[in-house]
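In: Pasting the sequence and the predicted model now:
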Amino acid sequence: MRFCLQMKLQQNLKQFSEILLSTKNMPIVEYTDTDKIWGAVDCGSYYEGVNALGRLLMELREKLNENETNIIDKPSIDNFFLLEYDLQIMSNYINYKNVVNKLDM
C-alpha cells in the first residue's frame, strides 16, 4: 500500500499534495464501520483500530514536508512487474516543495 500511495502522489501531485499538506500535523484517520486494520471504528469517545491507511498517509505527508518523496522503492516482491516491466527503484526528479510552493502563489 505504501508503494501505491507513493505512485498516487506522483500521478496526482497537485491535488494529492494539497490535500495531504492541508491536514497540517493533524492525525489522519481512515473512518470505517467495520475494518479495524486499514481504518478505525468510531467507539463514541475514541476510535479503535490499527488505522494502517491513516498511518501511511501521515508518513507520506511527513516525507512530502521533508522533500523526501522523490524516490519510490519497489516492494521487496520477486517478479514485481508493471506492464511487463520489472520495477527497479523509480525516481522522480521533481522538487516537491518547490512545486507545492508554486501552487500557493
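Out: Arrived safely, thanks for sending.

In: List the buried residues for the top helix by length along the chain?
Out: Counting by DSSP state H, the longest helix found in the chain is helix 52-65. Under the neighbour-count criterion of 16 or more other Cβ atoms under 10 Å, helix 52-65 has A52, L53, G54, L56, L57, M58, L60, R61, K63, L64, N65 buried. Heads up, the C-betas are built off the backbone N, CA and C, glycines and all.

In: next one: stretch 1-15
Out: Residues of stretch 1-15 classed as buried by neighbour count (16+ other Cβ under 10 Å): L5, Q6, L9, Q10, L13.

In: Max pairwise distance over the residues you listed: which two?
Out: For those, the farthest-apart pair by Cβ to Cβ is L5 and L13; their separation is 12.8 Å.

In: Now do the buried residues in the helix or strand hosting L20.
Out: In this structure, L20 sits in helix 13-22 according to DSSP states H and E. Applying a neighbour-count criterion of 16+ other Cβ under 10 Å, the buried positions in helix 13-22 are L13, F16, S17, L20, L21.

In: can you give me the strands in the chain?
Out: For the chain, the strands defined by DSSP state E cover 31-32, 40-42, 47-48, 71-72, 81-82, 85-86, 90-91.

In: Buried deepest among the ones you listed, which one?
Out: Sort these by mean neighbour count, taking mean count of other Cβ atoms under 10 Å, and strand 40-42 sits at the top with a mean of 17.

In: Can you tell me the strand partners of that strand and which way each runs?
Out: strand 31-32 (parallel), strand 47-48 (antiparallel) (DSSP bridges).

In: Between the buried residues of helix 13-22, which sits nearest Y31?
Out: L20 (16.9 Å).

In: so how far is I19 from the closest residue to that closest one other than its chain neighbours?
Out: Once flanking residues are discounted, L20 sits nearest to R61: 4.4 Å by Cβ to Cβ, 6 or more residues apart in numbering. Distance check for R61 against I19: by Cβ to Cβ, to the nearest Å, it reads 9 Å.

In: try Q10
Out: For Q10, the distance to I19 equals 15 Å [Cβ to Cβ].
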